[in-house]
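> heads up, no residue letters with this:
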């Protein structure tokens, strides 16, 4: 069964102190249920082979079993707990980022900007002459950047005091 | 939603409201849920914010126009959000020469 808890077995399943690794669904009972279902299914399969109706029912049962309703089984969170957890997780994340030596890749915050976006966006577009001006300027700039060449003049490393 | 009424801009073909990291807050018209465009424009805005427009480095652009042959994106920043509007491009005055 491809569930989120299929790989890692965590010893602290108890909902006493839930953290980010606490499974949302209680695994042992579910697993047991599944194996039971499978056993009965396999016996049914051999008995009622060829019966289209039972095949359809089987598919329906299998689908119903594979649906995981997280909301039905998870513990309810209070509004304040969301914020606590958010803070807790972001602290841990920052610790991990700091340890790994990577810089957090955050953009700089945006400036305050204009007061009324509506007014700015409804204003008439820039004039064609301005567009032309910018197009010409960028054309020239890109042309000249392409023309930049490195010219070798003299050695970059000079030696002093070497006989 | 804090769209500042940009969904009601006359002759608008679509709009986007983004957070400073490019997440779509609100969208409509041609730009409905256009996350790839949102990401591109967000990068452009962050680049443009770093370009000084006056001697005072705190001054930044007021409006960014990305103009194509027959349509354009107009982008502005307000209250830490990025507002984008797609419009038909009609040149204001005839091109000389």
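Looks like it came in fine. Keep in mind that this is a model prediction, so the values were computed, not measured. Numbers count the residues shown, from 1 in each chain, chains lettered A, B, ... in the order given.

> CA only for contacts and neighbour counts going forward, please
OK.

> hang on, isn't residue B:91 packed against residue A:128?
Yes: contact criterion CA atoms under 8 Å: residue B:91 and residue A:128 qualify, at 5.5 Å.

> burial measure for residue A:125, as a count.
If you count neighbours by other CA atoms under 10 Å in any protein chain shown, residue A:125 ends up with 20.

> Need the three-state assignment for it.
coil (DSSP: H, G, I helix; E, B strand; the rest coil).

> how far away is the most centrally placed residue in chain B from residue A:117?
For chain B, the residue nearest the mean C-alpha position is residue B:75 (1.6 Å; CA atoms, centre = their mean). Look at residue B:75 and residue A:117: by CA to CA, to the nearest Å, they are 9 Å apart.

> What of residue B:43?
Relative to residue A:117, and taking CA to CA, residue B:43 is found at 19 Å.

> Pick out whichever of those two has more residues nearby.
Each of residue B:43 and residue A:117 has its neighbours counted (other CA under 10 Å); residue A:117 has more, 25 against 16.

> Leaving out sequence neighbours, find the closest residue to the more buried one.
Closest residue to residue A:117 apart from its sequence neighbours, by CA to CA, 6 or more residues apart in numbering or on different chains: residue B:78 at 6.0 Å.

> Can you report phi and psi for the one you found?
Main-chain dihedrals, residue B:78, degrees, to the nearest 10: phi -150, psi 130.

> likewise residue B:65?
Dihedral angles of residue B:65 (phi, psi; degrees, to the nearest 10) stand at phi -110, psi 130.

> who's in contact with the nearest residue to it once chain neighbours are set aside?
Nearest non-adjacent residue to residue B:65, counting by CA to CA, 6+ apart: residue B:74, 4.6 Å away. Counting by CA atoms under 8 Å, 6 or more residues apart in numbering or on different chains, residue B:74 makes contact with A:121, B:63-66, B:84-87.

> Could you verify that residue B:74 is part of a strand?
Yes: the assignment for residue B:74 (three-state DSSP) places it in a strand.

> if we can go back for a sec, which one of the contacts of residue B:74 sits closest to residue A:20?
Set against residue A:20, the nearest of the contacts of residue B:74 by CA to CA is residue B:84 (36.5 Å).

> hmm, back to that, which neighbours do residue B:75 and residue A:117 share?
Residues touching both residue B:75 and residue A:117 (CA under 8 Å, 6+ apart) are residue B:83.

> Pick out the residue of chain A closest to chain B.
Closest approach between chain A and chain B, counting by CA to the nearest CA: residue A:113, at 4.5 Å.

> Quick check: phi and psi on that residue?
According to degrees, to the nearest 10, residue A:113 has phi 80, psi -160.

> Just list whatever residues bridge to it.
Counting by DSSP bridges, residue A:113 forms beta bridges with residue B:78.

> Show the model's pLDDT score for it.
Model confidence at residue A:113, given as pLDDT, is 83.

> confidence score at residue 37?
Answering for chain A, as no chain was given. 52.

> oops, I was thinking of chain B
For residue B:37, the model assigns a pLDDT of 95.
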